[in-house]
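Novice: Test case, fold it:
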Amino acid sequence: MEKSVLLINDVAYNFSEGLALVKIGDLHGSIDKAGQMVVEPRQEFHGARSFHEGFATIGMNGKFGFIDKTGNLVTPQQFDYAGEFSEGLEWVYVKREAGYIGKSGKIVIQPQFDEAMNFSEGLAHVKIGEKWGFVARTGKITIKPIFNSAYKFSDGLARVSTNDKYGFINQTGKFIVAEKYDVMTDDFSEGLAPVCSLGKCGYINKFGKIVIKPIFDSAYSFSNGLAKVQNDIGIGYIDKIGKYIWKPSH
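Specialist: Okay, the predicted model is just below:
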């Protein structure tokens, strides 16, 4: 079946790895950029997700597995919940415990965590009890679970909190930037991180030094040398020295 135009009641999602997830009625499939159906909608693809690293998670009757880009079922729906592949591994839940599988569908890190997240830069943040730590691809806990909250590593640093403020650690678990920033603080990208304190946001470098003064009401990560910021006038874009490329306006 070929389908290049979706019906108004159907749903199309963003492209990922050359394919876009589409929902036709209650079923999911995938189209290419020409609008041709590559993965046919089938009953067992109910609850499908976008492709990551060549595979897409699919669900049926409360169980999850994954398919390849031809629509072949690589791993049957056998997990209680599943995420998406990152750095060759995907988190899955078995009887309320989270672990990781490889692309063969076999368990690589035994389910043992209360929560598990995607790998990034060789580590993934996992929850053990009420605290977060980091696990390596070997399954070894490399940073002990001592954090109230934690986020993925980006540019070699991860945003974490042991209290009501955020700081940044390196991959040994050492604090590089002390915990003094608010919840609006975001991850590092392109060598800078947006940080917020007392209602104003600016940017720090990897040494924790303020390089763009905290004059914004909100600030976001850099992408292709630009970052979105907002003040009481509106939304604008700045470069990496804090100069407006697009000034806010009403």
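Novice: excluding its backbone neighbours, what's nearest His28?
Specialist: Ala48 (3.6 Å; Cβ to Cβ, 6 or more residues apart in numbering). Backbone N, C-alpha and C define where each C-beta goes, glycine included.
Novice: Return the residues in contact with the one you found.
Specialist: By Cβ atoms under 8 Å, 6 or more residues apart in numbering, the contact set of Ala48 is Leu21, His28, Gly29, Ser30, Ala56, Thr57, Ile58, Gly59, Ile67.
Novice: Considering the residues you listed, which member attains the minimum pLDDT?
Specialist: The pLDDT minimum for the contacts of Ala48 sits at His28, where the score is 82.
Novice: now that one: how far from Arg49?
Specialist: Distance, His28 to Arg49, using Cβ to Cβ, to the nearest Å: 8 Å.
Novice: Same check on Met117?
Specialist: 15 Å.
Novice: What does the pLDDT read for Ile31?
Specialist: So, for Ile31, pLDDT stands at 91.
Novice: wait, isn't it in contact with Ala20?
Specialist: Yes - assessed by Cβ atoms under 8 Å, Ile31 is found in contact with Ala20 at 5.5 Å.
Novice: His28 and Arg49 - which one has more neighbours?
Specialist: His28 (23 against 19; other Cβ atoms under 10 Å).
Novice: In which helix or strand does that one reside?
Specialist: strand 27-31 (DSSP states H and E).
Novice: Walk me through which strands the next helix or strand after that strand pairs with, and which way each runs.
Specialist: Sequence-wise, the next helix or strand downstream of strand 27-31 (DSSP H and E) is strand 37-42. Paired neighbours of strand 37-42 in the sheet (DSSP bridges): strand 27-31 (antiparallel).
Novice: Which residues does the strand it pairs with contact?
Specialist: Contacts of strand 27-31 (Cβ under 8 Å, 6+ apart): 3-4, 12, 19-22, 37-43, 45-48, 51, 56, 58, 69, 71.
Novice: quick one: contacts for the nearest residue to Ala178 once chain neighbours are set aside?
Specialist: Spatial nearest neighbour of Ala178, chain neighbours left out: Gly167 (5.1 Å); criterion: Cβ to Cβ, 6+ apart. Each residue near Gly167 by Cβ under 8 Å, 6+ apart is listed here: Arg159, Val160, Ser161, Phe175, Ile176, Val177, Ala178, Glu179, Lys180, Tyr181.
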